[in-house]
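> Need coordinates for the below:
(chains A, B, C and D)
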Number of protein chains: 4
Amino acid sequence: MRLHDPDHRGFASDNYSGVHPQVLAALAEANEGHQVSYGDDIYTERLQEVFREHFGPQARTYPVINGTGANVVALQAATDRWASVICARTSHLHVDEAGAPEKVGGIKLLTVPHVNGKLTVDNIRAEARGFDDQHRAQPQVVSIAQSTELGTVYNPEEIAEITDFAHANGLRVHMDGSRLANAAAHLGVPLRSLTTDVGVDVLSFGGTKNGLMVGEAVVVLDPELDHGINYLRKITTQLTSKMRFVSAQLLALMESDLWLRNARHANAMASQLHDAVKGRDDVTVSYPVQANAVFVRLPAPVLVQLHEQFHFYDWDEEAGEARWMTTWDTTPEDVAHLADTLAALADR
Amino acid sequence: MRLHDPDHRGFASDNYSGVHPQVLAALAEANEGHQVSYGDDIYTERLQEVFREHFGPQARTYPVINGTGANVVALQAATDRWASVICARTSHLHVDEAGAPEKVGGIKLLTVPHVNGKLTVDNIRAEARGFDDQHRAQPQVVSIAQSTELGTVYNPEEIAEITDFAHANGLRVHMDGSRLANAAAHLGVPLRSLTTDVGVDVLSFGGTKNGLMVGEAVVVLDPELDHGINYLRKITTQLTSKMRFVSAQLLALMESDLWLRNARHANAMASQLHDAVKGRDDVTVSYPVQANAVFVRLPAPVLVQLHEQFHFYDWDEEAGEARWMTTWDTTPEDVAHLADTLAALADR
Amino acid sequence: MRLHDPDHRGFASDNYSGVHPQVLAALAEANEGHQVSYGDDIYTERLQEVFREHFGPQARTYPVINGTGANVVALQAATDRWASVICARTSHLHVDEAGAPEKVGGIKLLTVPHVNGKLTVDNIRAEARGFDDQHRAQPQVVSIAQSTELGTVYNPEEIAEITDFAHANGLRVHMDGSRLANAAAHLGVPLRSLTTDVGVDVLSFGGTKNGLMVGEAVVVLDPELDHGINYLRKITTQLTSKMRFVSAQLLALMESDLWLRNARHANAMASQLHDAVKGRDDVTVSYPVQANAVFVRLPAPVLVQLHEQFHFYDWDEEAGEARWMTTWDTTPEDVAHLADTLAALADR
Amino acid sequence: MRLHDPDHRGFASDNYSGVHPQVLAALAEANEGHQVSYGDDIYTERLQEVFREHFGPQARTYPVINGTGANVVALQAATDRWASVICARTSHLHVDEAGAPEKVGGIKLLTVPHVNGKLTVDNIRAEARGFDDQHRAQPQVVSIAQSTELGTVYNPEEIAEITDFAHANGLRVHMDGSRLANAAAHLGVPLRSLTTDVGVDVLSFGGTKNGLMVGEAVVVLDPELDHGINYLRKITTQLTSKMRFVSAQLLALMESDLWLRNARHANAMASQLHDAVKGRDDVTVSYPVQANAVFVRLPAPVLVQLHEQFHFYDWDEEAGEARWMTTWDTTPEDVAHLADTLAALADR
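Modelled structure (predicted):
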């Protein structure tokens, strides 16, 4: 029994969207009959192959349930008990995980300034110190988000610069790739160009925001880190019993180019929205629009009235900064509606 | 693309089964359009009402993703940081959670002997001591499973005896109800007769084993414990972004009598299997068959040959004890096939 | 058998110093015969009274072993499992505890900028937000150090301003008082003027740096927080079996004015050192000298040569910043020797 | 100022005793002047040599503060995050650490039955299983106490049998040696005969119960486990700033034969007490008296009256079982007094 309006869409989050029809179909296909639970099913087996095609023959893929879980499992896999992880002050890891990395993973975060949401080697360097000092949680990982929390994208050279610095200093690199597909779509490069080929060691790969119902994966790119992850996944409460249904979703996304089409579309909608508002005097675009987010500063009264008609989040209330997220199901009409409404409000 | 044989079913676990067609339909119904993420959607709102109908007006329901998560969240909600939890030595909590309660929840388990998988007040009493002793992790919760890991069922009086003792000693009672529906179906009583009405304080309610794809719930029955659970759920990595799809599954199960039909059917299949084998000289049934599990001891060669044709687990390898689980999709023909094969093997 | 030179003293840390003779005598006094272990001894009982004289009749004192332990116990006492703690980016809590608050206490730290090592309400305000947001570790405590890691001292008004803001926003205030005695000595006020009287809720009180061998205390000033601390102390591995010897040390310090004499002396030595170097062209004093630390920036070659003759730490190697700590046993001759050597080096 | 009666001694615990005069003298010797803090002092350096003489050239010694801390550090050093540890149901680790191993170390305990407080290979085997099962916290360590919580002693062959079994099954062996000296004294063998020479991998070495004020050590016997222990010690809040004073105590104990004299004396007093009561009709000795504990069952009225004159603990209240501990400072007169009083009470 449908309780909601299937035609309602806003700009609050890619998490507000539903499931792509191909993914829903894949769930039905994977249904019926018995399959071994907890990951020994044929869909999870096939998933390994498909992810190896994307990330190289050494990749090992562990389906999990959400991004918090993926991050906590991945970071534990890459650290000793006495580690710290360097990340941006704006990172989801620090800002939006409610302390799960610290509380469940026992991981201390060292937060550093960012440039448009991105880490730089200079900023990382400031915390990549104190090795062998027993009073300091030992820096062992740099964690970057691709695309970033601010909708920006690292190009491969920027990532390589970070991984080179990290590896030269004995650190691993974790990528929070809950929107990796959007970054790859923006750059027009395969997934491995942003990960395996530029030295990323372990990846949290996102599916849910890109059209799945529930499904992410920890992808271990450096085989040295592939140790005990089954246990870490279970302990972190990320092991699904009927895992075939998580893997079937990921397969639907990754076996075809659905991941790319969804991401491209979301990015195109953000770009279209950006184009529609960027010339306006009353709108300041905060960051380069590269993935599926547009951050804008608007006059307070406009913001208030816009909220009456559209779902979206205020990113920085004091500054009057809003975040508009587009998704795989955002339509050009949705974008036009928002832009037109903004124009109408501003012109009053 | 279907990779598996939809006609294959075994007796390994209720987790091997797929999703009930009504549940799959509910997922499609809940799809399309945008809904607020992280639990502020209309399906999760409706779920509150439905669970209140089952568990009473004070019940507060938190959808989560799996049983490990439900248990870790529920136990944290009911304990201080210095607590211990009394449970059966055979409990899933102790045996099959890979230490998640200890490692993520920081909860010490005090394990006690059982009678047919069930706790008794006498056994609980042995560990319900050492209050105010700073060297002892303070007992604060008794955790019972309904039905138990051994397929047995507490009747309401047995539960009440435990909750009375617990409350008189300052302890809370948690129920691991990953198969609560099977217990209720066996006894022919409503869910609240086994929980709210007999003093259970907090419940891990199981859906996945009873026909869902992925979905459980922490149900807080004593409002005093309803404090901070949103945070605990998030930290424990059990918060789903697109929660409408978890709640829609639980709605499909609980809004109609689907939960009961599924559980009754699984129980009936276990009962039928039990009837078919219990008279045999070469079969010893280990425990009363009350829910959807049959534990039997078989001659070693029979066990070996049976494994060649059917998926099931050896519970106690040395003792030659097997566990056969039935599910909502087990057919009478499946049962007959197993029983006939056993007969044929034994008669050789 | 003495292995070290009892006449050697440097400026590295107040932790490098030994035990004040009165404290050593107190240990001998508390020796011989049997006393109940784990805190039920007569010295610990007496300690309660003495600390109540300093901190008010509601104070409850828990002797612990070191500052890391005091902080982890105190912060757990003041927080739920889902909490975060606001502290200065320069705080010992963040910089020098090797992640113990996060890893043992499960506490997320929110670090903010400082002014001369001190928190300000404005800086606290930036992180005192996101209440009721399940994605945010809930800010529940502001932790300030008195004196600060940079040798500066909050006056009572500054503390009151912070506690007022904190309490108005539902936050508790923790004071890391490993050098509280130095602050009180600097200001010439009793200990309660900097704690109880200005709204501090829980205190880590330091003894080791002020002439003890090993001994600190968690002092709970708001009785609402006095819950379960015995257990937290034990779990955090801070419970001493022969506690009489920790309490006897604290008694020796606090029953007379030894705490004040030691702190005053250390402060006076820092002040004297400051006076001796502050006029020099080649010396830049980094922070107001208020307690027992002097931070200076020196020309690189001078720094190198000074290290050859004196133990002290470089605080900021790139900036050429050194930290000189004075202690209860620093002598005027030690200070003069350092100042003269510096002068000689600089004049070359 | 002495607050207690230095002539009062009981039989409650070796923790009730004070500090051996040689140890107090050593503290004074180590005093005055500055020494590097946090373990880089000359006393800690010397301690390494002395412990190598006792435990072999590969031994690496980390002074800590108490037994809980030693155990938590040692067990973390020997385990992955997903480990469990097999120990006796009566072990201090399980019964008296308030859950610190679980809550701070993240270690699940698997408790097994004992024979006179000792583990047997058969009992260990029952839990040394489930390797590679992601649902099971992986058994990685067997922890034995020497002497045991019940005052019994493993001989070298018994330990070797356990370590052989453990190593053959990929497990490490930890020894909780808070009373190792008493075991060695009982058997008349050097410390390494009970540790290094029979395959123990990591040791919690006890000093406090054997005449120190505060001081234990983690001794790593298998160099493979000597990784990150400085960090684990710090995080576990077991790092002392003025470590010279912990090391000086341990040196006083171990550099001469003080450890052996103290332990021999305590054992002799237990033996004398045992001899004095064992023939009585109204006394049942519960366990072999091998170290410094005597467990006896007494008639209830006798027990009550005895408590009026002597400090000791009831081990099993229902069974009327008392535990009498002797220490390095117990006198023959103390023993005679207890035995005589018992006789007088019983003869009434």
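> just checking, what's the longest helix in chain A?
In chain A, taking DSSP state H as the definition, the longest helix is helix A:258-277.
> What is that one packed up against?
Applying 3 or more Cβ pairs under 8 Å, 6 or more residues apart in numbering or on different chains; DSSP states H and E, we find helix A:258-277 packed against helix A:180-187, helix A:244-254, strand A:293-297, strand A:321-325, helix A:332-347. C-betas here are computed from N, CA, C, even on glycine.
> Tell me which of those sits nearest to chain B.
Among the helices and strands packed on helix A:258-277, the nearest to chain B by Cβ to the nearest Cβ is helix A:244-254 (4.9 Å).
> Could you give the number of residues near residue A:319?
Neighbours of residue A:319 under the rule other Cβ atoms under 10 Å in any protein chain shown: 12.
> which residues in the stretch 1-150 of chain A form helices?
Assigned by DSSP state H, counting those that start in this stretch, the helices in the stretch 1-150 of chain A fall at A:21-30, A:42-55, A:67-77, A:92-95, A:100-103, A:121-125.
> Kindly report the residues of the stretch 101-250 of chain A close to chain C.
Within the stretch 101-250 of chain A, the positions lying close to chain C (Cβ under 8 Å from any Cβ of the partner chain) are A:102-103, A:106-108, A:111, A:134-137.
> which of these has the most neighbours?
Neighbour max across those (other Cβ under 10 Å) = residue A:137, 31 neighbours.
> what's the pLDDT at that residue?
pLDDT for residue A:137: 98.
> Go through the residues of the stretch 101-250 of chain A next to chain C and name the one nearest chain B.
Distances from chain B to those, taken by Cβ to the nearest Cβ, are shortest for residue A:103, at 5.1 Å.
> any idea of the pLDDT on the closest one?
Looking at residue A:103, its pLDDT reads 97.
> repeat for residue A:206
For residue A:206, the model assigns a pLDDT of 98.
> Leaving aside the residues adjacent along the chain, what's closest to the residue of the stretch 151-300 of chain A found nearest chain D?
Nearest residue of the stretch 151-300 of chain A to chain D (Cβ to the nearest Cβ) works out as residue A:231 at 3.3 Å. For residue A:231, ignoring the flanking residues on the chain, the nearest one in space by Cβ to Cβ, 6 or more residues apart in numbering or on different chains is residue D:82 at 3.3 Å.
> And residue A:272, by the same measure?
Here the residue nearest residue A:272, using Cβ to Cβ, 6+ apart, is residue A:335, at 5.0 Å.
> hmm, back to that, tally up the residues packed near the residue nearest to residue A:231, please.
Neighbours around residue D:82, by other Cβ under 10 Å: 25.
> Quick check: it touching residue A:232?
Yes: with contacts defined as Cβ atoms under 8 Å, residue D:82 counts as touching residue A:232 at a distance of 6.5 Å.
> Point out the residues in the stretch 101-250 of chain A that sit beside chain B.
A:103-104, A:208-209, A:213-214, A:231, A:234-242, A:244-246.
> so who does the nearest residue to residue A:87 once chain neighbours are set aside touch?
Excluding its sequence neighbours, the residue lying closest to residue A:87 (Cβ to Cβ, 6+ apart) is residue A:143, at 4.4 Å. Contacts here follow Cβ atoms under 8 Å, 6 or more residues apart in numbering or on different chains; on that basis residue A:143 touches A:71, A:75, A:85-87, A:91, A:93, A:173-176.
> ok, of the residues you listed, which one's closest to residue A:284?
residue A:91 (23.5 Å; Cβ to Cβ).
> Enumerate the residues of the stretch 201-348 of chain A near chain D.
Selection of the stretch 201-348 of chain A residues close to chain D by Cβ under 8 Å from any Cβ yields A:228, A:230-235, A:239.
> okay if I get the residues you listed as TSV plus neighbour count and secondary structure?
Shown next, in TSV, are those (neighbours: other Cβ atoms under 10 Å in any protein chain shown; DSSP: H, G, I helix; E, B strand; the rest coil):
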residue	neighbour count	secondary structure
A:228	17	coil
A:230	19	helix
A:231	26	helix
A:232	27	helix
A:233	29	helix
A:234	26	helix
A:235	30	helix
A:239	29	coil
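> Secondary structure element for residue A:205, which one?
Assigned by DSSP states H and E, residue A:205 falls within strand A:202-206.
> State the distance from the residue nearest to the spatial centre of chain A to residue A:120.
Centroid-nearest residue in chain A: residue A:178, 1.8 Å away (criterion: Cα atoms, centre = their mean). Between residue A:178 and residue A:120 the computed distance is 21 Å (Cβ to Cβ, to the nearest Å).
> Can you name the residues that contact whichever residue of the stretch 1-150 of chain A sits closest to chain D?
With Cβ to the nearest Cβ as the measure, residue A:82 is the residue of the stretch 1-150 of chain A nearest to chain D, at 3.3 Å. Contacts for residue A:82 were tallied using Cβ under 8 Å, 6+ apart; they are A:137-138, C:98-99, C:103, D:228, D:231-232, D:234-235.
> Closest to residue B:15 out of these?
After measuring the contacts of residue A:82 against residue B:15 - Cβ to Cβ - the closest member comes out as residue C:103, at 33.6 Å.
> which residues does the closest residue to that closest one other than its chain neighbours contact?
Distances taken as Cβ to Cβ, 6+ apart place residue A:106 nearest to residue C:103, at 4.4 Å, with adjacent residues excluded. Shown in contact with residue A:106 (Cβ under 8 Å, 6+ apart): A:76, A:81, C:99, C:102-103, D:106.
> what about residue A:282, neighbour count?
For residue A:282, the neighbour count with other Cβ under 10 Å is 15.
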